[in-house]
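J.: Generate coordinates for the sequence data below:
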Amino acid sequence: MRVLYVHGFGEHKEIVSYRLLAEALNPAGVELHGFDLPGHGAERMLPPEWLPMREDLDAVVQAVQPDALLGVSLGAIVALDWTMYSASRIPLVTAGAPLGPVNIPFPILLVGKLLARVAPRTVLSPRLDVRKVSRNQELVNQYLSDPLFHQRATGPALASFFRAVEEVRAGAPRLRSRLLMLHGSDDTIAKPDPTFLARTSSTDRAEKYYSGARHNLLLETNRDEVYAELIQFFASNGNAAR
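T.: Numbers count the residues shown, from 1 in each chain. Next up, the predicted model:
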């Protein structure tokens, strides 16, 4: 079973959460594949347009030929967008998909919109409260101290992200693949859209909330429960139609 995961904002494919995920899922026969999104890893800034995200995921899917996709936070939006755009039937899991309100301070949003017009190359931070991604403070410290982790974007990049979210919300009826959406009930960074799943055209869809969990479910104190849910979902796919 080959699973391609798409990481979140500021992360990279080998940050601690995905190392732990591989350690948990590999013994269950799940072969994990990841890649660094544009503007992540060795790069330090999100691209000003969304298209490279979709194109890069498309290229990796063609190379890896995964049996399922896992999208985390920003990666959930990338995976949902690609699935709708390509009309893919690859089964998909999202974790912490930011389809509802994102906790970026309102002044930052205003500054981002202004900079997108007058100084599009100016770098800013969305000022997400990343210390609250998990209740496991030891893992949060490892996560934030990773030298490749960042919280950097430009005004156009933030605008591009929010446009992509709106397009994914509007495009829910185009999504036909098997879908499992996972959320933390105490996520203060990015809220889910409570209507999204019901508006998809998937005939095999489910949503689960983990009580007390925060935004990054792969770093959480109950991550073993999340791993078990993922293993069950992936194992039940077999050679699902693409």
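J.: so residue 222 makes contact with residue 213?
T.: Yes - counting by Cβ atoms under 8 Å, residue 213 is a contact partner of residue 222 at 6.1 Å. In this view, the C-beta of every residue, glycine as well, is placed from N, C-alpha and C.
J.: If you count residues, where's the longest helix of this structure?
T.: helix 155-170 (DSSP state H).
J.: Of residue 222 and residue 213, give the one with the bigger neighbour count.
T.: Ranked by neighbour count (other Cβ atoms under 10 Å), residue 222 and residue 213 place residue 213 first, with 24 against 15.
J.: residues touching the more buried one, list them.
T.: The contact partners of residue 213, by Cβ atoms under 8 Å, 6 or more residues apart in numbering, come to 135, 183, 184, 185, 186, 187, 220, 221, 222.
J.: per-residue confidence at it?
T.: On the pLDDT scale, residue 213 is placed at 98.
J.: What of residue 197?
T.: On pLDDT, residue 197 comes in at 98.
J.: Please report how far it lies from residue 70.
T.: 17 Å (Cβ to Cβ, to the nearest Å).
J.: of these two, who's got more company?
T.: residue 70 (30 against 20).
J.: Return the residues in contact with the more buried one.
T.: 3, 4, 5, 6, 79, 92, 93, 94, 95, 230.
J.: now the strands for the chain?
T.: In the chain, the segments counted as strands under DSSP state E are 2-6, 31-33, 68-72, 92-95, 123-124, 153-154, 179-184, 205-210.
J.: For the ones you listed, could you give me a markdown table that also reports distance to residue 142 and mean pLDDT?
T.: Shown next, in a markdown table, are these (distance: least, Cβ to Cβ, whole Å; pLDDT from 0 to 100):
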| stretch | distance to residue 142 | mean pLDDT |
| --- | --- | --- |
| strand 2-6 | 18 | 98 |
| strand 31-33 | 19 | 98 |
| strand 68-72 | 16 | 98 |
| strand 92-95 | 18 | 98 |
| strand 123-124 | 25 | 66 |
| strand 153-154 | 23 | 84 |
| strand 179-184 | 19 | 98 |
| strand 205-210 | 21 | 97 |
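J.: what's the closest of those to residue 62?
T.: strand 2-6 (10.8 Å; Cβ to Cβ).
J.: Put the alpha carbons of that closest one into CSV.
T.: Taking C-alpha atoms only, strand 2-6 is exported to CSV below (Å, rounded to 0.1, in the frame of the first residue of the first chain):
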residue,chain,number,x,y,z
ARG,A,2,1.6,3.2,-1.2
VAL,A,3,0.4,6.4,0.5
LEU,A,4,1.5,9.9,-0.7
TYR,A,5,1.3,12.5,2.0
VAL,A,6,1.2,16.3,1.5
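J.: buried residues in it?
T.: 3, 4, 5, 6 (16 or more other Cβ atoms under 10 Å).
J.: Beta-bridge partners for the first one, please?
T.: According to DSSP bridges, the partner residues bridging residue 3 are residue 32, residue 68.
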